[in-house]
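I'd like to go over a predicted model; first the sequence, then the structure.
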Number of protein chains: 2
Amino acid sequence: MSFEEKMLETKHIFKGKVIDLDVETVLLPDGNKATREIIRHHGAVGIICITAANKIVLVKQWRQPLRKSTLEIPAGKIEPSEKDPLKTVKRELNEEVRLSAKKFEFVTSFYTSPGFADEKMFLYRAHELSAVENSLPRDDGEFLNILELSPEQVDEEIKKGTICDSKTLMAIWYWKMNRIKE
Amino acid sequence: MSFEEKMLETKHIFKGKVIDLDVETVLLPDGNKATREIIRHHGAVGIICITAANKIVLVKQWRQPLRKSTLEIPAGKIEPSEKDPLKTVKRELNEEVRLSAKKFEFVTSFYTSPGFADEKMFLYRAHELSAVENSLPRDDGEFLNILELSPEQVDEEIKKGTICDSKTLMAIWYWKMNRIKE
């Protein structure tokens, strides 16, 4: 059984720069009605960068929703013109951490919060890193520091709560699983 | 450097059952202003249940934001009265998959999408599972099927895109890492 909900009506509540908000009235499998609050998002990418010295490249930035600074893997929103997430990966790698890579490996994709949002995240690993020659300009209002952390330093930052988001934890777990395999 | 953004003004755009939406005007480190679209959410839990037959317990349900059915680990929103996420874990374990557990292990916690949302997810593993004697009523409008999948079946569902959200992938990766260790 799919328990499909049939959309009866959509109210467009908000149209923003990053997200839109719709409230949908749906018909449930039992014939009753319910409302669903839905965030529309254009999708995003996250990039796992492991240096030759076996450190992970992270970005320190202020996250206003959390009222604190976090350490996250390089990431960013897919622009409407970017049909292939790999295009976003290459752009963000340059914009955020000033790196380019010779090889890209698709790791996985996932919805970040399927209960209320359609945001899809594409996770890639960038191999054979080098510093870019021509830096792309960062977004307006984007301020960040670039850090490289060892596995031990990563564990400390998780304990402190500075590393605290799903894509970055997944990147770290992926890195760990690959170290176990190697 | 923290690059802290100072909040100048908050507009409450929407107050819903699951999420609220605020638009904040902030002062950037360079003295300019910017707006931040912020989803407020009360937090949630996800529960890793591995059966004695080495299968993972998943819930099939319709996700209106994605316009499809998904397979996810048992999960749910933290109610305002639930101060300890473990309380939510025990309730959702009963409500969603009709199980109780003798032991609970905290795995990790994470923000699902720190760029625009403050939703925090607490991931637990439930050990020594048994069927509940007294089932709690499910939420209105909540329809679901309970499934148990082997590691091979899980890999297939990931390929098909039915298993497709961060908490469930993390649960599966955690399970995999523990199988490697054992």
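Cool, got the structure. Residues are numbered from 1 along each chain as shown, chains lettered A, B, ... in the order given.

name the residue most distant from the centre of chain A?
A:Gly31 (37.1 Å; Cα atoms, centre = their mean).

please tell me the pLDDT value assigned to it.
Listed pLDDT for A:Gly31 reads 94.

which stretches in chain A count as helices?
A:85-97, A:151-160, A:166-181 (DSSP state H).

redo the ones you listed as a markdown table? Include mean pLDDT.
Shown next, in a markdown table, are these (pLDDT from 0 to 100):
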| stretch | mean pLDDT |
| --- | --- |
| helix A:85-97 | 97 |
| helix A:151-160 | 97 |
| helix A:166-181 | 90 |
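
roughly how far does the residue farthest from the centre of chain A sit from A:Lys159?
50 Å (Cβ to Cβ, to the nearest Å). Backbone N, C-alpha and C define where each C-beta goes, glycine included.

where does chain A dip in pLDDT?
Across chain A, residues meeting the criterion (pLDDT under 70) sit at A:1, A:180-182.

domains of it?
A:6-41, A:44-177 (automatic domain parsing).

format those as a markdown table; extra columns: distance to chain B.
Shown next, in a markdown table, are these (distance: least, Cβ to the nearest Cβ, whole Å):
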| stretch | distance to chain B |
| --- | --- |
| domain A:6-41 | 4 |
| domain A:44-177 | 4 |
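
give me whichever of those domains is most buried.
domain A:44-177 (a mean of 18; mean count of other Cβ atoms under 10 Å in any protein chain shown).

what is the end-to-end distance of that domain?
Taking Cα to Cα, to the nearest Å as the measure, domain A:44-177 stretches 24 Å from start to finish.

again with stretch A:29-49
45 Å.

I'd like the distance from that stretch to the chain centre, please.
15 Å (Cα atoms, centre = their mean, to the nearest Å).

thinking again about what came up before, just send the helices of chain A back as CSV, with distance to A:Ser2 too.
What follows is the helices of chain A, written out as CSV (distance: least, Cβ to Cβ, whole Å):
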stretch, distance to A:Ser2
helix A:85-97, 28
helix A:151-160, 38
helix A:166-181, 26
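
pretty sure A:Trp11 is in contact with A:Asp20, am I right?
Not quite, residue A:11 is Lys, not Trp. No: here A:Lys11 does not reach A:Asp20: they are 11.5 Å apart, not a contact under Cβ atoms under 8 Å.

which residues in chain A form strands?
Taking DSSP state E to define them, one finds strands in chain A at A:6-15, A:19-27, A:33-41, A:44-49, A:56-63, A:68-72, A:75-77, A:99-111, A:120-131, A:145-149.

hey, C-alpha coordinates of the last one in CSV?
What follows is strand A:145-149, C-alpha atoms only, in CSV (Å, rounded to 0.1, in the frame of the first residue of the first chain):
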residue,chain,number,x,y,z
ASN,A,145,37.4,30.5,7.5
ILE,A,146,38.9,27.4,6.0
LEU,A,147,40.3,24.7,8.3
GLU,A,148,41.9,21.2,7.9
LEU,A,149,41.3,18.8,10.8
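
and the gap between A:Gln153 and A:Pro80?
37 Å.

scratch that, A:Gly16
14 Å.

ok, now A:Lys120?
14 Å.

next one: A:Val89
16 Å.

same thing with A:Pro29?
Taken as Cβ to Cβ, the span from A:Pro29 to A:Pro80 is 35 Å.

and if you look at A:Leu169?
With Cβ to Cβ as the criterion, A:Leu169 and A:Pro80 are 29 Å apart.

also A:Met7?
Applying Cβ to Cβ to A:Met7 and A:Pro80 gives a distance of 24 Å.

contact partners for A:His41?
Taking Cβ atoms under 8 Å, 6 or more residues apart in numbering or on different chains as the criterion, A:His41 is in contact with A:Val18, A:Ile19, A:Asp20, A:Lys77, A:Ala117, A:Asp118, A:Glu119, B:Phe116.

now with 6 Å?
Applying Cβ atoms under 6 Å, 6 or more residues apart in numbering or on different chains to A:His41 gives the contacts A:Ile19, A:Glu119.

dump the residue contacts of the closest residue to A:Arg63 other than its chain neighbours.
Computed as Cβ to Cβ, 6 or more residues apart in numbering or on different chains, the closest residue to A:Arg63 that is not its neighbour in sequence is B:Pro114, at 4.7 Å. With contact taken as Cβ under 6 Å, 6+ apart, B:Pro114 is in contact with A:Arg63, A:Leu66, A:Asp165.

check A:Ser109 too.
Counted by Cβ under 6 Å, 6+ apart, A:Ser109 has contacts A:Phe122.

partner residues bridging it?
When assigned by DSSP bridges, A:Ser109 has beta-bridge partners A:Phe122.

which among the contacts of B:Pro114 gets closest to B:Ser2?
Nearest to B:Ser2 among the contacts of B:Pro114 is A:Arg63, at 10.8 Å by Cβ to Cβ.

from B:Lys176, how far off is the closest one?
Distance from A:Arg63 to B:Lys176, by Cβ to Cβ: 29 Å.
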